[in-house]
Structure formats: C-alpha cells, structure tokens
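In: Got a sequence here, can you model it:
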Amino acid sequence: MPDIKILNPDTLGKPLGQYSQITRVKASEFLFIAGQVATDRSGAVVGADDFDAQCVQVFANIGAALKSQGAGFTNVVEFTTYLVHSQDIPKFMKFRQREFPRMFAGGAHPPNTLLAVDRLVGEQFLIEVQTVAAL
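Out: This next block holds a predicted model:
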C-alpha cells in the first residue's frame, strides 16, 4: 500500500481550484496512464460538442485504467490536463467541484497542471488528461 500525502504548505499560495501543491509518495510501483480522451470502449467519440460529457468520459476512462490495475482515484498522485479552448477552464473547474468529492473523499486532491493547447490528437476532442498513480 502506498503512503500518499497530499500537501499545501503555508509557504505556497492557496491552490486556485480542486488540486493541491504537492504530493509526497512512498510506493513500490507507479502507473503512468496515457492521456485519456473522450472515447468509449469501442473507440467511438463521446460528447463531440459537449465539454462536460467529454470530462465525464475522460475520467471514466481513467477510472477504468486504474481499476484494471487494482487501483482507484485515491492512488492518483498527479494529473496533467490539456484543454483546447481556454474558455473551457471555468467548465473544467465546475466539473471538478461537482465530481471530485466523489473521487477524492476527504478533499485531498492531487496536483494538476492545466495547459491550453492548439489541438489534441483529433479535432473533436476538447480535453485530455494524463495520470500518474502510485501502488
């Protein structure tokens, strides 16, 4: 079982959203999950023009990847999020405020780096999230 501590030291500013400044990890193994986009198990795009639907599918995919390795969201130590449209940042924050209490009981949210990019692998994708987890 990994020893994961989610930290927000007083020497750093308060996080701007549902994330923490630092994760300190003692683990025997790590999972590096490729960036997940809004495709279902068959590879079909979910929510082509619906940012929230894409968020739901992306995090469902992350959950499935974690579960396939005997892990869950409490094993996540870092996210990197890529958005195509910077105007979707408030929608992303709203999604996290709604869904993260279920994923991360107790409010210990892993660090997240958020980047706005020109495009993702397919033009229909609005969000991609890469994940690191500790086992």
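
In: Can you name the next helix or strand after the lengthiest helix in the chain?
Out: The longest helix of the chain (DSSP state H) is helix 51-68. As assigned by DSSP states H and E, the chain's next helix or strand after helix 51-68 is strand 76-83.

In: Give me the contacts around that next one.
Out: 4, 19, 23, 25, 30, 35, 62, 66, 89, 92, 110-117, 120, 126-134 (CB atoms under 8 Å, 6 or more residues apart in numbering). For every residue, glycine as well, the C-beta is placed using N, CA and C.

In: The same query, at a cut-off of 7 Å, please.
Out: Residues outside strand 76-83 that contact it (CB atoms under 7 Å, 6 or more residues apart in numbering) are 4, 23, 25, 35, 89, 92, 110-117, 120, 126-134.

In: Could you state which residue of the chain sits nearest its centroid?
Out: Central residue of the chain (CA atoms, centre = their mean): Phe79, 4.7 Å from the mean position.

In: What does the pLDDT read for that one?
Out: In this model, Phe79 is scored at 98, pLDDT.

In: cool, Gly106 as well?
Out: At Gly106, pLDDT is 87.

In: Bridged to the residue lying closest to Ala71 once chain neighbours are set aside, which residues?
Out: Nearest non-adjacent residue to Ala71, counting by CB to CB, 6 or more residues apart in numbering: Ala133, 5.4 Å away. Counting by DSSP bridges, Ala133 forms beta bridges with Leu31, Val76.
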